[in-house]
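Trainee: Below are the sequence and a predicted model; questions follow.
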Amino acid sequence: MSWLLQRAFRFSRRVKCLIQLCTDALLLSASFLMALVLKQDSLSPIFEVQNLKILLVALPISLFMFYRLGFYRALIRYMGIRALQTLATGVAFSALTLWVTARLEGVTLSVSILMIYMMLAVLASGGIRLLLRGLFYRRDPMSHRTRVVIYGAGTTGSQLVTSLKQRGEFMPVAFIDDWRGMHGTIVEGIKVYHPDRLPHVIEETHAERILLAMPSISRTRRREILASLAPFNVPIQTVPGIEDIVKGHAQLNEIRDVAVEDLLGRDPVPPRRDLLDANIQGKVVMVTGAGGSIGSELCRQILRLAPQRLILLDACEYALYGIEAELKQLAGGEGLPDRVEALLGSVQQRSRMESIMRTFGVQTLYHAAAYKHVPMVEYNVIEGVRNNVFGTLETAHAAIAAGVETFVLVSTDKAVRPTNVMGTTKRLAELICQALSSTQSWTRFCMVRFGNVLGSSGSVIPLFHRQISQGGPITVTDENITRYFMTTPEAATLVLQAGAMGKGGEVFVLDMGSPVQIAELARQMVRLSGLEVKDEANPRGDIEIMYTGLRPGEKLFEELLVGDNVSPTEHPRILGARESCWEWPRLEALLKHLWNAAERGDVETIRQLLVEAPAAYHPQGPIVDLIWQEIGHHPVKAPASPARSVLEPQPDSETEALLKAAALSLVKGSRY
């Protein structure tokens, strides 16, 4: 029987239509004759010639009407309410045809006979199709399908059941829903249970997975549901969010793993369009570090805000190529003007930066270029100082010289009372912007400080995913370590809005919510993968969490503010703070000493100067710079000719140098 069904399901479309026509011919004939028998309570109508004549005339017309209504174009596997409605319409027309034919033959068919006929025809023709539909979905052995519980018995859950039955990969066995009005009801043939019954449901149905089918709920509610599901040690997956479905980025039946954003994300605050447009719409905007996590997201959002031009700058050729290609594809896909220019360059080269800003007439600059990985900067102190401190200094000077209107520094929570070089260099970058803000009035400087962004380069989230997929162990530096997290799109949106608020010299702090314990985050990710944490209490678990100890420069808790001088702003997720800083002459003197120490390779003096800076730097371990350790803690020999300091007057920019060279050639040419 199973073999015969498999052959039947593989018939060509034309053969299947012919089989349906023949089957409907038999079923309609049987329904008409049975209606006569039931009405007259006798078998004699079956053998009456006039009844057979009526049937022979009306039957072809009825089948032709079925065909015209498109009934035979519908696939049985996808048959639903719409197909049954079409069948009912066709049967009603068939009953009308029988009545007209009977009248022409001089026979009167009562209404009751026609009503019985219609009921029998709908039940027979529709029932055989529903039977075949059920056989189609059950043609594979049950052991090949994953038994799933669907959380959410609303419209999405109902549509998901239909979709899953068509795909054949999953077999829905139960619904879970929060609304008590749904409890005990049947949706798509599946019973709906209260969430408290979930342990019993999983045990009784042998469910292997939970699918969260509630795309429109808030992130806060989603996080609460996931927290309640985590103890069951069953893999949890979800359908895409309603925003992705509406925008066409995903389809309802795309089953996804639970994103970490669902565990940590907050309900977003609608952005203020006036703040987003203030520094971007109709202006030339430049982003340094455009290929990075934050830089690339800034670029995506800026492009949608209709800038006059968007200038991308990055020192990494591959990263720059990637974001340029993505933005051009984005512009084409969303019908946006292609206003993207990609330039290679280092923020440490003032002449290059000034040349770019002057050439394109940059009005707004988002400075996101920085080395941000704490241990990496600890091992490469001099490059960290050059890029984060003097790269910011060079870019800021170039912006002032080129007449840039707004300079927004993307900072970090690690700049607050830092215990590492990276955080200290970012605090020095803030101090440079604060000091330069008071020396002139044309370029408006502001700083935006926030914590970790989910999924960024160096983030623990991708690392944990990879370690879980490899069977563990998960490595966490300390059981008590905490961090602030924010989604990359939310962080970029808030940076753009904060940049429009500053009057000059402010440090804006993004509301990051509550800090997250990294060890607990690792446990949640293990549980949501359907696995168990292996520890002393559960030695038979699947994934072990290993504590490796704090890395060089790392601290247990991050902060977002130095002082208590905090004030709310017009945006609920952005706070303003005016923190203490040095005047430019005093800071300039320290930067000169820092530059000279970097040129000599004197990491010990660099550390001492960083401690003296107004950054509250408190190193908690020895110097681990790789070159410093390799050469025996002795600075390299200074170059024969003194290096030019970045604080000294710089040579002409590229543009000015070219103009001078052209003028000189003209002068020389005129002499001959």
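Mentor: Arrived safely.
Trainee: what about residue 434, which helix or strand?
Mentor: Residue 434 belongs to helix 421-437 when assigned by DSSP states H and E.
Trainee: Which parts of the stretch 551-672 of the chain are helices?
Mentor: For the stretch 551-672 of the chain, the helices defined by DSSP state H, counting those that start in this stretch cover 584-600, 603-612, 626-630, 654-670.
Trainee: coming back round to it: check the average confidence over the helix holding residue 434, would you?
Mentor: Here helix 421-437 scores 95 as its mean pLDDT.
Trainee: Give me the contacts around the next helix or strand after that helix.
Mentor: Once helix 421-437 ends, the next helix or strand along the chain (criterion: DSSP H and E) is strand 444-449. Applying C-beta atoms under 8 Å, 6 or more residues apart in numbering, the external contacts of strand 444-449 come out as 396, 405-413, 415-416, 430, 433-434, 436-437, 494-495, 498-499, 501-510, 560. Heads up, the C-betas are built off the backbone N, CA and C, glycines and all.
Trainee: and those residues, which are buried?
Mentor: Those of these that meet the buried threshold are 396, 406-413, 415-416, 430, 433-434, 436-437, 494-495, 498-499, 501-502, 504-510, 560, by 16 or more other C-beta atoms under 10 Å.
Trainee: and the residue nearest to residue 422 when sequence neighbours are not counted, what is it in contact with?
Mentor: Closest residue to residue 422 apart from its sequence neighbours, by C-beta to C-beta, 6 or more residues apart in numbering: residue 377 at 4.0 Å. Contact analysis of residue 377 by C-beta under 8 Å, 6+ apart lists 371, 383, 384, 388, 420, 421, 422, 425, 553.
Trainee: hmm, back to that, the helix holding residue 434 relative to helix 584-600, how many degrees between them?
Mentor: 140 degrees (axes from the mean of the first three to the mean of the last three C-alpha atoms, to 10 degrees).
Trainee: For helix 421-437, list the C-alpha coordinates in CSV.
Mentor: Presented in CSV, the C-alpha positions along helix 421-437 are these (Å, rounded to 0.1, in the frame of the first residue of the first chain):
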residue,chain,number,x,y,z
VAL,A,421,46.1,50.4,28.1
MET,A,422,43.2,50.3,25.6
GLY,A,423,40.8,51.9,28.0
THR,A,424,43.4,54.5,29.0
THR,A,425,44.1,55.5,25.4
LYS,A,426,40.4,55.9,24.7
ARG,A,427,40.1,58.2,27.7
LEU,A,428,43.1,60.2,26.4
ALA,A,429,41.2,60.4,23.1
GLU,A,430,38.3,61.8,25.0
LEU,A,431,40.5,64.3,26.8
ILE,A,432,42.0,65.4,23.4
CYS,A,433,38.6,66.2,22.0
GLN,A,434,37.5,67.9,25.2
ALA,A,435,40.7,70.1,25.2
LEU,A,436,40.5,71.0,21.5
SER,A,437,36.9,71.9,21.9
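Trainee: Now tell me which of the helices of the stretch 551-672 of the chain the model trusts least on average.
Mentor: helix 654-670 has the lowest average pLDDT among those, namely a mean of 47.
Trainee: Run through the helices of the stretch 151-300 of the chain in chain order.
Mentor: Counting by DSSP H, counting those that start in this stretch, the helices of the stretch 151-300 of the chain are 155-167, 198-205, 219-229, 242-246, 260-264, 273-278, 293-303.
Trainee: Actually, the stretch 1-150 of the chain.
Mentor: Shown for the stretch 1-150 of the chain, the helices assigned by DSSP H, counting those that start in this stretch span residues 2-9, 13-40, 49-68, 81-104, 111-137.
Trainee: Mean pLDDT and mean neighbour count added to these, as JSON lines?
Mentor: Listed next are the helices of the stretch 1-150 of the chain as JSON lines, based on pLDDT from 0 to 100; neighbours: other C-beta atoms under 10 Å:
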{"stretch": "helix 2-9", "mean pLDDT": "52", "mean neighbour count": "11"}
{"stretch": "helix 13-40", "mean pLDDT": "77", "mean neighbour count": "17"}
{"stretch": "helix 49-68", "mean pLDDT": "78", "mean neighbour count": "17"}
{"stretch": "helix 81-104", "mean pLDDT": "78", "mean neighbour count": "18"}
{"stretch": "helix 111-137", "mean pLDDT": "75", "mean neighbour count": "17"}
